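K.L.:
Fold the following for me, if possible:
(one chain, ligands or ions: 3)
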Amino acid sequence: MILLIDAGNTRIKWALVEVGAALGAWRAFGAVPHAELGQLPAAWNAALAGRHIHRALLANVAGAGLRAQLQLILPSTLPAPAVLWFASVAELAGVRNGYRNPAQLGCDRFAAAIAARALAPGRAVIVANCGTATTIDAVSADGVFLGGMILPGLALMASSLARNTAQLPQIAPDAKLPAGFADNTDDAILSGCLAAQGGAIEHAVALHQASDCIVSGGAAPFIAPTLKVAHRVVDNVVLIGLHAAAGSA
Ligand SMILES: Nc1ncnc2c1ncn2[C@@H]1O[C@H](COP(=O)(O)OP(=O)(O)O)[C@@H](O)[C@H]1O
Ligand SMILES: CC(C)(COP(=O)(O)O)[C@@H](O)C(=O)NCCC(=O)O
Ligand SMILES: [K+]
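P.N.:
Ligands and ions are numbered 1, 2, ... in the order given. As a prediction, the model looks like this:
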């Protein structure tokens with residue numbers, strides 16, 4: 001079994017997949033906030049049902065502290081060479097990294113670009129990953145990661161207003177999506193932030209003349225319904241990219 005981990009700045013997403021399984025055909029998967037990382041070994045053991053993890057591929061953009069914590073919870077039976085910390089490189093799994101300094105690109109973004117290439121081969125594609133940050137990246141029809149945009153994610157954008165203004169409240173995570181111009185403060189914040197997120201994705205699709213748009217991440221269920229461009233919501237796009245890369249990494 002292969003263990004795939006996408007450690008973002010808010011949550012750790014993981015999947016267990018059998019060697020040779022179809023792309024994204026997880027045996028088990030899950031997500032936990034950083035504070036609940038200690039629950040992962042039990043969740044893996046339950047899913048493994050006596051089988052073993054042979055390899056682990058981890059994409060971590062949440063810093064050295066989290067990396068050390070992840071290292072500690074990996075199965076002790078896993079030899080060090082079987083643990084690969086995914087990193088952005090100049091070329092991998094059919095994607096050429098067009099960042100000026102390829103290593104500077106967040107490894108979750110590089111994995112998402114590899115997923116976009118695997119899910120939409122031969123097409124100009126935008127992949128938007130709506131997490132702590134929202135990243136909106138362009139992959140060309142011939143597999144070049146052209147670059148992208150980084151903006152505060154939906155929750156971060158809304159909470160920055162709550163923190164940095166005297167009168168604006170925090171938005172409840174289960175708030176109903178307002179349409180258009182809002183007649184109260186909470187809805188006005190949510191409407192503004194959703195317009196910024198969705199507008200940026202629509203702008204990127206137009207700029208890239210994309211024929212496919214993939215939307216993923218924890219905030220995708222809020223943002224995708226507001227989009228006026230054709231798109232598909234793909235769960236855990238970074239894990240799919242890691243799976244696609246697992247053969248080449
Ligand atoms: N139950 C949830 N737990 C955490 N974040 C959630 C939840 N539901 C929606 N979100 C949104 O998803 C974002 C986290 O998504 P995720 O893709 O896991 O981010 P990251 O990869 O940065 O850790 C939050 O910032 C928030 O906007
Ligand atoms: C932009 C990010 C913070 C996104 O992180 P996330 O929202 O997935 O937690 C991460 O991809 C990152 O730290 N990138 C490095 C800078 C760059 O990609 O240019
Ligand atoms: K992201």
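
K.L.:
Show the contacting residues for the residue in the chain that ligand 3 sits nearest to.
P.N.:
Going by CB to the ion, ligand 3 is nearest to residue 131 of the chain, at 3.4 Å. C-betas here are computed from N, CA, C, even on glycine. Each residue near residue 131 by CB atoms under 8 Å, 6 or more residues apart in numbering is listed here: 8, 9, 10, 11, 153, 217, 218, 219.

K.L.:
Enumerate every residue touching the nearest residue to it once chain neighbours are set aside.
P.N.:
Distances taken as CB to CB, 6 or more residues apart in numbering put residue 217 closest to residue 131, at 4.2 Å, once the chain neighbours are dropped. Residue 217 sits next to 128, 129, 130, 131, 134, 153, 237 when contact means CB under 8 Å, 6+ apart.

K.L.:
Go through those and flag which are in strands.
P.N.:
Residues of the contacts of residue 217 located in strands (DSSP state E): 128, 129, 130, 134.

K.L.:
So which residues of this structure form helices?
P.N.:
Ranges of helices in the chain, per DSSP state H, are 40-48, 64-73, 107-119, 154-164, 185-208, 220-223, 237-246.

K.L.:
I'd like those as TSV, with distance to ligand 3 appended.
P.N.:
Listed next are the helices of the chain as TSV, based on distance: least, CB to the ion, whole Å:
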stretch	distance to ligand 3
helix 40-48	20
helix 64-73	15
helix 107-119	6
helix 154-164	10
helix 185-208	11
helix 220-223	10
helix 237-246	8
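
K.L.:
beta partners for residue 145?
P.N.:
Note on residue 145: beta-bridge partners by DSSP bridges are residue 97, residue 139.

K.L.:
count of residues packed around it?
P.N.:
Residue 145: 26 surrounding residues under other CB atoms under 10 Å.

K.L.:
And for the one 5 residues further on?
P.N.:
Residue 150 has 12 neighbouring residues, counting by other CB under 10 Å.

K.L.:
How about residue 50?
P.N.:
If you count neighbours by other CB under 10 Å, residue 50 ends up with 5.

K.L.:
Give me the pLDDT value at it.
P.N.:
The confidence metric pLDDT takes the value 93 at residue 50.

K.L.:
next one: residue 248
P.N.:
Looking at residue 248, its pLDDT reads 66.

K.L.:
gap between stretch 83-99 and the chain center?
P.N.:
15 Å (CA atoms, centre = their mean, to the nearest Å).

K.L.:
let me redo that: stretch 98-109
P.N.:
15 Å.

K.L.:
residues of it that come out buried?
P.N.:
For stretch 98-109, a neighbour-count test (16 or more other CB atoms under 10 Å) marks 98, 99, 102, 105, 106, 107, 108, 109 as buried.

K.L.:
Quick check: phi and psi at the residue of the chain found nearest ligand 2.
P.N.:
Relative to ligand 2, the nearest point of the chain is residue 106 (2.1 Å; CB to the nearest ligand atom). Note on residue 106: backbone dihedrals following degrees, to the nearest 10 are phi -50, psi 130.

K.L.:
And the residue lying closest to it once chain neighbours are set aside, what's its pLDDT?
P.N.:
Nearest non-adjacent residue to residue 106, counting by CB to CB, 6+ apart: residue 61, 5.0 Å away. pLDDT for residue 61: 98.

K.L.:
Look at residue 61 and say how many residues are nearby.
P.N.:
So residue 61, with other CB under 10 Å, has 18 neighbours.

K.L.:
do residue 171 as well
P.N.:
20.

K.L.:
residues touching it, list them.
P.N.:
Residue 171 is in contact with 158, 159, 162, 186, 189, 190, 193, counting by CB under 8 Å, 6+ apart.

K.L.:
Is it possible to mark the buried ones in those residues?
P.N.:
158, 159, 186, 189, 190, 193.
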